[in-house]
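In: Can you look at this prediction? I've put the sequence above it.
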Amino acid sequence: MNLYRFLVRSKEKLIPVIIAAENEEKAFLQVEVELEKHYLKLPEIEDITLYEKKKIRKSQGFVIDFEHLVE
C-alpha cells in the first residue's frame, strides 16, 4: 500500500489530495471519487498531478506548504 500526494488544478483553485492505494492507477481513480464526494458541484478539473509517492510504514505523512500552491 502506498500514500500518494496529488495536486488537482481547477479553474478556480489548486486542491491538494492525499490518497492511500495499492498502485498509481487506483490512486488516480480514487482522486476523482474523493473530489465527487467532497464537492456538491464538482469543479471543472484542468489537471491532476502526482507529486509524491511513499510506501506506507508505521508512520508516514506529507507536508503541504500552501505558499507553494499559489500559481
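Out: Here it is on my side, so go on.
In: roughly how far is the longest strand along the chain from the heart of the chain?
Out: Determined from DSSP state E, the single longest strand within the chain is strand 45-55. Relative to the mean C-alpha coordinate of its chain, strand 45-55 is positioned 6 Å out (C-alpha atoms, centre = their mean, to the nearest Å).
In: what packs against it?
Out: Under the contact definition 3 or more C-beta pairs under 8 Å, 6 or more residues apart in numbering; DSSP states H and E, strand 45-55 sits against strand 2-10, helix 24-38. C-beta coordinates here come from the backbone N, C-alpha and C atoms, glycine included.
In: Would you tell me which of these gets closest to Tyr51?
Out: strand 2-10 (4.9 Å; C-beta to C-beta).
In: Let me know the average pLDDT across the closest one.
Out: Averaged over strand 2-10, pLDDT sits at 94.
In: quick one, that strand and strand 45-55 angle?
Out: Strand 2-10 and strand 45-55 meet at an angle of 160 degrees, taking axes from the mean of the first three to the mean of the last three C-alpha atoms, to 10 degrees as the criterion.
In: strands paired with strand 2-10, and their directions?
Out: strand 14-21 (antiparallel), strand 45-55 (antiparallel) (DSSP bridges).
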